[in-house]
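Q: can't give you the sequence, but here's the structure:
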């Protein structure tokens, strides 16, 4: 099932990304020869309004084939990517990553309105039947404020306080906005060699935000992920992070499967996170990626530096081969770890 969830997630992200290029090309009058999800042989395809829409057997990416950019086929100037204004070309190249960013912000916004799964460190997740906690009236969802008069903010502090209790334990809990004081006698477990009251912590709860605040929170979370991703890229370049910090298709598939099992909200959180990473990675100035093409676009903006399309395409081709080799290496690393 992990593979299925991974294919669903990556297909959505690639579809949104390539649609950004496609719709911006259409808006700027550039002919689109093909809109493809995946690489390799075609699984199926159909043609509409002069564009071939296809799904291919290797679902590790996608592409939009534009007149003048990805093919040498003769085409009228008004339909040629290379004949468009600098700003139009920039928008077409950048729109894939921008669409990934917008998708992530939308998902985060929906989650903040719907309810974000949040850990409550001192919240009670479950109460075991027949345990001292159940007999004392403790319920799942209660939040422990103090143990034996000492305020607690972490689950570890609760455990330590219970272990240090010689006889009874006095808990101050919060339930529905009210504070209650509960006394109970822990049960000593001969196997674990420690006092138990029969609860599991921490708890998880959904925190919901008003629409306006949810929008602001989604932007803040978006910026936090952007900064964290850039710091991770920097760590990889400087050597502060090793290759084990990188996950390939197999690693991401396992993470996706685990997220799906934890529920739709966690799955959507992962989708937003990966959408941001996909968009940001594609905008880096690396040959064969959108950012690499934008880099050459900027170089050709001045009069002093002019790089021929043939030389630029050669650089992108080499970049594609390097990225493919790196993907294979990362995938081998995934296999060795899992």
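A: Perfect, thanks for sending it. Fair warning: this is a prediction, and the values are worked out from it, not measured in the lab. Numbering: from 1, shown residues only.
Q: Please name the residues that touch the residue nearest to the spatial centre of the chain.
A: Against the mean C-alpha coordinate of the chain, by Cα atoms, centre = their mean, the closest residue is residue 273 at 1.8 Å. Residues in contact with residue 273, defined by Cβ atoms under 8 Å, 6 or more residues apart in numbering, are 104, 225. (Glycine included, C-beta is placed from N, CA and C.)
Q: Am I right that it is in a helix?
A: Yes - Residue 273 forms part of a helix when assessed by DSSP: H, G, I helix; E, B strand; the rest coil.
Q: where does residue 287 land in three-state SS?
A: The local conformation at residue 287, judged by three-state DSSP, is coil.
Q: With residue 66 instead?
A: Following three-state DSSP, we place residue 66 in the strand state.
Q: Help me confirm that it comes into contact with residue 93.
A: No - judged on Cβ atoms under 8 Å, residue 66 makes no contact with residue 93 at a distance of 9.8 Å.
Q: Which of these two has more residues huddled nearby?
A: For residue 66 versus residue 93, neighbours defined as other Cβ atoms under 10 Å are more numerous around residue 93 (27 against 24).
Q: for that one, what are its contacts?
A: Taking Cβ under 8 Å, 6+ apart as the definition of contact, the neighbours of residue 93 are 21, 290, 293-294, 297.
Q: buried stuff in the host helix or strand of residue 216?
A: Under the criterion of DSSP states H and E, residue 216 resides in helix 211-238. Neighbour counts over helix 211-238 (16 or more other Cβ atoms under 10 Å) mark 214-215, 217-218, 221-222, 225-226, 229 as buried.
Q: For the helix or strand following it, which helices and strands make contact with it?
A: Read in the C-terminal direction, the helix or strand following helix 211-238 is helix 249-261, with elements assigned using DSSP H and E. Packed against helix 249-261 by the contact rule (3 or more Cβ pairs under 8 Å, 6 or more residues apart in numbering; DSSP states H and E) you find helix 2-27, helix 264-282, helix 309-337.
Q: So what touches helix 249-261?
A: Applying Cβ under 8 Å, 6+ apart, the contact partners of helix 249-261 are 1-3, 5-6, 9-10, 60, 247, 266-267, 269-270, 274, 327, 331, 334-335, 337-338.
Q: can you pull the buried residues of that helix?
A: Buried residues in helix 249-261, counting neighbours by 16+ other Cβ under 10 Å, are found at 249-257, 259-260.
Q: Dump those residues to TSV, plus distance to residue 188 and pLDDT.
A: Output for these, formatted as TSV (distance: Cβ to Cβ, whole Å; pLDDT from 0 to 100):
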residue	distance to residue 188	pLDDT
249	49	80
250	46	82
251	43	84
252	45	86
253	45	86
254	40	88
255	40	89
256	43	91
257	40	90
259	39	89
260	40	89
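Q: For PyMOL, write the selection for the buried entries among the contacts of helix 249-261.
A: Typed into PyMOL, the line below selects the buried ones among those, using 16+ other Cβ under 10 Å:
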select buried, resi 2+5+6+9+10+247+267+269+270+274+331+334
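Q: which other residues reach stretch 9-26?
A: With contact meaning Cβ under 8 Å, 6+ apart, stretch 9-26 is reached by 31-32, 35-38, 51, 59-64, 66, 81, 91-93, 95-100, 103, 252, 256, 267, 270-271, 274-275, 278-279, 282.
Q: Now restrict the residues you listed to buried residues only.
A: A residue is treated as buried here by neighbour count (16+ other Cβ under 10 Å); on that basis the buried members of the contacts of stretch 9-26 are 31-32, 35-38, 51, 59, 61-64, 66, 81, 91-93, 95-100, 103, 252, 256, 267, 270-271, 274-275, 278-279, 282.
Q: related to what we said a few turns ago, looking at the contacts of residue 93, spot the one nearest residue 320.
A: Taking Cβ to Cβ as the measure, residue 293 is the one of these closest to residue 320, at 11.9 Å.
Q: close enough to count as contact, that closest one and residue 313?
A: No - Residue 293 lies out of contact with residue 313 (Cβ under 8 Å); the separation is 10.2 Å.
Q: neighbour count winner among these two?
A: When residue 293 is set against residue 313 and neighbours are counted by other Cβ under 10 Å, the residue ahead is residue 293, at 21 against 15.
Q: what mean pLDDT does the helix or strand hosting the more buried one have?
A: In this structure, residue 293 is located in helix 290-299 according to DSSP H and E. What helix 290-299 shows for mean pLDDT is 92.
Q: Could you list the residues in contact with it?
A: Counting by Cβ under 8 Å, 6+ apart, helix 290-299 makes contact with 69, 86, 89-90, 93-94, 96-97, 282-286, 305, 307, 312, 315-316, 319, all of which sit outside it.
Q: Now list the buried members of these.
A: By the neighbour-count criterion of 16+ other Cβ under 10 Å, the contacts of helix 290-299 include these buried positions: 69, 89-90, 93-94, 96-97, 282-283, 286, 312, 316.
Q: Show me the two of these that sit farthest apart.
A: Across the buried ones among the contacts of helix 290-299, no pair lies farther apart than 97 and 312, at 19.5 Å, counting by Cβ to Cβ.
Q: Now do the contacts for residue 146.
A: When contacts are taken as Cβ under 8 Å, 6+ apart, residue 146 is in contact with 152, 171-172.
Q: Helix, strand or coil: sort out it for me.
A: Going by three-state DSSP, the secondary structure assigned to residue 146 is strand.
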